[in-house]
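**Student:** My questions concern the predicted model and sequence given below.
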Amino acid sequence: MKKLIGPFVFALILGVVMASLSFAAGDMAAPSTQTIKGDLLKIDGEFYVVKDTAGKEIRLHVDKTSQLDGTFKAGDKIEVQATEKNHAVSIRDVQSKK
């Protein structure tokens, strides 16, 4: 009986560690996003400056991983899905939605 306790405890600890690691990996794989709606003020290289509906200016990083639904210019009303670190995941024109 004492010979079985050691492997059982090891398996139990290994199971708890693997479960916690897989849970943490799931959180990293799916970063939370926020929706920003507003007017595109300017495009400065890889950065879009958007004035949201509350009047706050937000600088968003846009790169080749960002999904752009069309081409944009200053003055366009856009909707952006962005990460907490203000990286644009997707951008679309609000007027084309109607």
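**Tutor:** Structure received. Numbers count the residues shown, from 1 in each chain.

**Student:** Which pLDDT value belongs to A25?
**Tutor:** Looking at A25, its pLDDT stands at 55.

**Student:** Scan the helices and strands of this structure for the one with the lowest mean pLDDT.
**Tutor:** helix 2-29 (a mean of 71; mean pLDDT, DSSP states H and E).

**Student:** Specify the residue ranges that define each domain of this protein.
**Tutor:** Split into domains by automatic domain parsing, the chain comes to 1-30, 33-97.

**Student:** so how far is the longest one off the chain centroid?
**Tutor:** Here domain 33-97 is found 13 Å from its chain centre; the criterion is Cα atoms, centre = their mean, to the nearest Å.

**Student:** can you list the residues that contact stretch 37-52?
**Tutor:** 36, 53, 57-63, 72-80, 88, 91, 94 (Cβ atoms under 8 Å, 6 or more residues apart in numbering). The way it works is simple: take the backbone N, C-alpha and C, and place the C-beta from them, glycine included.

**Student:** centroid residue for the chain?
**Tutor:** For the chain, the residue sitting closest to the mean C-alpha position, by Cα atoms, centre = their mean, is T83 at 3.3 Å.

**Student:** separation between it and Q34?
**Tutor:** 8 Å (Cβ to Cβ, to the nearest Å).

**Student:** re earlier: of the contacts of stretch 37-52, grab the buried ones for ChimeraX.
**Tutor:** The following ChimeraX line selects those of the contacts of stretch 37-52 that are buried, judged by 16 or more other Cβ atoms under 10 Å:
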select :36,58,60,61,62,72,76,77,78,79,80,88,91
